[in-house]
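Q: Provide a 3D model corresponding to the input given below.
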Amino acid sequence: MSDNGSQKSGTDKGTWITYRPEIKVLDCTIRDGGLMNDHRFDDSVVKGVYDTCVAAGVDYMELGYKNSVHQFPKDKFGPWKHCNEDDMRRIVGDNPTQLKLSAMADAEKCDYKEDLLPANESVLDLIRVATYIHQLPVAIDMLEHAHSLGYEVGINIMAVSTVAESDLDEALALLANSPASTIYLVDSFGSFYTEDVRKLTTKYVEVARAAGKEVGIHAHNNQQLAYANTIEAIINGANYLDATCSGLGRGAGNCPIELLLGFLKNPRYRLRPILNCIENHIDPLQASMPWGFDLSYMLTGQMNQHPRAAIGHLDKPIDDRQSIVDFYDSLMEQV
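A: Coordinates of the predicted model:
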């Protein structure tokens, strides 16, 4: 130990973990932000985020969803709910860059056997399947089909904070034998604390690594812990990291990519393009689709509830909203 006692102890996992070359960053600004505006972004915003991801050295960009036009008609949703090839190519051309492109497909909300092209005919590289635990048989079939078409595939198990440990163990065992290359820990309700993330990441990593897979983290910011929980997941072995510009996302939003890139200290990532994108494309959206920390989102996070109640509360005109104390009382009646 140095004379001033500043050397870290062996149990303190310090800043050495911030540079791990195997770490990959996935920007889901447009995909997650689309949940707030029915996926109706101006092309200039989508192109701005795409160009930013290329310039910043980000590894993946998720353009939106690959969901059913029958369940989500085109006259009610913007193009990033469906990620048709023509719409994507209007933004990215043939994507002659190192940036990989992703779309998310919700279990039971995607006509995957009809809508997915072979990977060699698409600009997409990755298909991520989002699933609740009870939908896992369908989700695994989706993974297998997308993989057979040549895509890299990953899976996000949603609302894991509500899942019994025995059910989660069974789900992870099934996914260990699936084609998914990455299994994501998702804090859907923004309810996790550091100790939850540590325990769950360790569980996921133990199963995934034995099967030659990676673990990812997708954190929500209801309790202002998305960034801290992402760091905790990194420390415990997660290598795939979701983030968005300025934390853009439904409700309290997500882990801000500008914080994450600064933490990682990897020379292949560049912060300046992210800051430029936020200033010119993302900040102006706040007027029409506000996101970020709010007491109502904090309460749903603390109570491990879906943010829909807080979204409904905030969607009302200010004069028609409950007081925050009355909103709290209404939530407590449901506990």
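Q: which parts of this protein are helices?
A: Using DSSP state H, the helices of the chain run over 29-37, 43-56, 85-92, 112-115, 136-148, 165-176, 194-210, 226-235, 257-264, 272-277, 295-302, 308-315, 324-332.
Q: can I get the ones you listed in JSON lines with mean neighbour count?
A: Placement of C-beta: from N, CA and C, glycine included. Output for these, formatted as JSON lines (neighbours: other Cβ atoms under 10 Å):
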{"stretch": "helix 29-37", "mean neighbour count": "23"}
{"stretch": "helix 43-56", "mean neighbour count": "20"}
{"stretch": "helix 85-92", "mean neighbour count": "16"}
{"stretch": "helix 112-115", "mean neighbour count": "14"}
{"stretch": "helix 136-148", "mean neighbour count": "19"}
{"stretch": "helix 165-176", "mean neighbour count": "15"}
{"stretch": "helix 194-210", "mean neighbour count": "17"}
{"stretch": "helix 226-235", "mean neighbour count": "23"}
{"stretch": "helix 257-264", "mean neighbour count": "20"}
{"stretch": "helix 272-277", "mean neighbour count": "19"}
{"stretch": "helix 295-302", "mean neighbour count": "21"}
{"stretch": "helix 308-315", "mean neighbour count": "16"}
{"stretch": "helix 324-332", "mean neighbour count": "14"}
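Q: how much space between residue 241 and residue 59?
A: Distance of residue 241 to residue 59, given as Cβ to Cβ, to the nearest Å: 9 Å.
Q: give me the more crowded residue out of these two.
A: Taking other Cβ atoms under 10 Å, residue 241 and residue 59 do not tie; residue 241 has more neighbours (27 against 18).
Q: in this protein, where is pLDDT below threshold?
A: For the chain, applying pLDDT under 70 flags the ranges 1-18.
Q: domains in it, by residue range?
A: The chain breaks down into these domains under automatic domain parsing: 21-287, 295-332.
Q: quick check: end-to-end length of the longest one?
A: End-to-end distance for domain 21-287, by Cα to Cα, to the nearest Å: 38 Å.
Q: the last one too?
A: According to Cα to Cα, domain 295-332 extends 15 Å from its N-terminal end residue to its C-terminal end residue.
Q: likewise stretch 236-250?
A: 27 Å.
Q: in it, what's buried?
A: 236-250 (16 or more other Cβ atoms under 10 Å).
Q: shouldn't residue 289 be in contact with residue 35?
A: No. Using Cβ atoms under 8 Å, residue 289 is not in contact with residue 35, being 9.9 Å away.
Q: what's the overlap in contacts for residue 241 and residue 59?
A: 24-26 (Cβ atoms under 8 Å, 6 or more residues apart in numbering).
Q: ChimeraX command for the buried members of those residues?
A: A single ChimeraX command selects the buried members of the shared contacts of residue 241 and residue 59 (16+ other Cβ under 10 Å):
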select :25,26
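Q: and which of the shared contacts of residue 241 and residue 59 is nearest to residue 208?
A: residue 24 (14.2 Å; Cβ to Cβ).
Q: and the gap between the closest residue in space to that closest one that isn't next to it in sequence and residue 50?
A: Nearest residue to residue 24, sequence neighbours excluded (Cβ to Cβ, 6 or more residues apart in numbering): residue 59, at 4.1 Å. Residue 59 is 14 Å from residue 50, where distance means Cβ to Cβ.
Q: name the residues contacting each of those two.
A: Common neighbours of residue 59 and residue 50 (Cβ under 8 Å, 6+ apart) are residue 99.
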